[in-house]
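1. how would this look folded up:
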Amino acid sequence: MPIKSGRTILRILAVLALLAAPALAQKGSDRFQFNHDIFVEPGQKSGDLTCINCSVFVRGEVAGDVTAIHGNVVVEQGSRLAGDVTVVLGDLRLQSAAQVAGDAVTVGGTVRREPQASVAGDVTSLGGAGWVILIFLLPLALVGGMIALIVWLIARIQKPTPVRA
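-> Next up is the predicted model:
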């Protein structure tokens, strides 16, 4: 019985650690959000911003990188980003006089940049759902195929062979 209670305690601690992860990620000026938009207001400075299933709106300054998965990133007029911007399954919009010191990358979305906006690094846009399938689902299909092959081989080896009497 003590082994089961020990496992239960470990499971509870693991769940609590997962629930505390967003709070720990917000230490300092870095921010992480899940299903809740991130806003950097004018005059406000922030570190790395990570957003899953939500959008990031930058009106101030970001000293780190900005990452959004299944959401959009909007860098408004006069805002500055010191790092890279990465958007997966969403769009990146750079308004007038917005500055990005690093690279701007979108996968499964587009980069919309006004002429006065500047990006010091490379701008890459892999638009369309086809890239998402190619980048994420194809490797998963290959791994699943390898697992199916291994299971089939093990089942074939364990199949009893008839012995003639």
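2. separation between R59 and M146?
-> According to CB to CB, to the nearest Å, R59 stands 47 Å off from M146. In this view, the C-beta of every residue, glycine as well, is placed from N, C-alpha and C.
3. between these two, which one's more packed in?
-> Higher neighbour count among R59 and M146: R59, with 17 against 10, using other CB atoms under 10 Å.
4. how about that one, what does it touch?
-> For R59, the contacting residues are 39-42, 44, 76, 79, by CB atoms under 8 Å, 6 or more residues apart in numbering.
5. report the next helix or strand after the least confident helix or strand in the chain by mean pLDDT in sequence order.
-> Evaluated with mean pLDDT, DSSP states H and E, the helix-and-strand set of the chain has its lowest mean pLDDT in helix 2-25, which scores a mean of 58. Downstream of helix 2-25, the next assigned helix or strand under DSSP states H and E is strand 31-34.
6. who does that next one pair up with?
-> Strand 31-34 has its sheet partners listed here by DSSP bridges as strand 49-52 (parallel).
7. ok now the partner strand, how far from the chain's centre?
-> Remark: strand 49-52 is offset 7 Å from the chain centroid, using CA atoms, centre = their mean, to the nearest Å.
8. where exactly do the helices run in the protein?
-> 2-25, 129-132, 138-158 (DSSP state H).
9. so V123 bridges to which residues?
-> Beta-bridge partners, per DSSP bridges, of V123: A104.
10. and it, what does it touch?
-> Contact analysis of V123 by CB under 8 Å, 6+ apart lists 103-105, 111, 113.
11. ok, and the closest non-adjacent residue to D30?
-> G47 (4.1 Å; CB to CB, 6 or more residues apart in numbering).
12. is it true that that neighbour touches G64?
-> Yes: under the criterion of CB atoms under 8 Å, G47 makes contact with G64 at 4.5 Å.
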